[in-house]
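Asker: what follows is a protein structure lacking sequence information:
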């Protein structure tokens with residue numbers, strides 16, 4: 001038996017997660033929640049790669065893929081592609097798209 005995915009609820013959860021991250025990016029509990037959420041739901045984003053129906057909305061697909069940036073916050077220096085400033089920028093953009 002399969003369960004239906006409630007993308008509206010998922011969007012609300014992702015909005016909350018991104019908002020909390022942006023309030024305090026260094027909060028390890030938020031980073032842990034991002035890891036847990038990614039473990040539980042991150043694989044959904046790959047369905048669009050395999051299914052013609054593209055079941056995962058684009059904003060949720062991008063938000064799920066962006067969770068790794070949240071839990072990598074603080075681990076990269078400015079010389080890397082994912083500097084903290086770039087992670088914050090990416091999170092703000094993802095949050096903006098989720099709220100549309």
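Answerer: Happy to help now that I have it. Since we're looking at a predicted model, the values are computed, not measured.
Asker: please count neighbours and contacts with C-alpha atoms only from this point.
Answerer: OK.
Asker: all helices for the chain, in order.
Answerer: For the chain, the helices defined by DSSP state H cover 7-23, 28-41, 47-50, 58-71, 84-99.
Asker: which one of these is the most hemmed in?
Answerer: When those are scored by mean count of other Cα atoms under 10 Å, the highest mean neighbour count falls to helix 58-71 (a mean of 20).
Asker: what is that one packed up against?
Answerer: Applying 3 or more Cα pairs under 8 Å, 6 or more residues apart in numbering; DSSP states H and E, one finds that helix 58-71 contacts helix 7-23, helix 28-41, helix 84-99.
Asker: between those helices, which one is closest to residue 66.
Answerer: Closest to residue 66 of these, according to Cα to Cα: helix 84-99, at 7.4 Å.
Asker: measure stretch 33-47 end to end?
Answerer: End-to-end distance of stretch 33-47 (Cα to Cα, to the nearest Å): 22 Å.
Asker: cool, stretch 73-83 as well?
Answerer: Stretch 73-83 has an end-to-end distance of 8 Å (Cα to Cα).
Asker: contacts only, for residue 55.
Answerer: For residue 55, the contacting residues are 47, 48, by Cα atoms under 8 Å, 6 or more residues apart in numbering.
Asker: what stretches of the protein score poorly on pLDDT?
Answerer: The model of the chain has pLDDT under 70 over residues 1-3, 75-82.
Asker: now do 50
Answerer: Along the chain, segments meeting pLDDT under 50 span 1-2.
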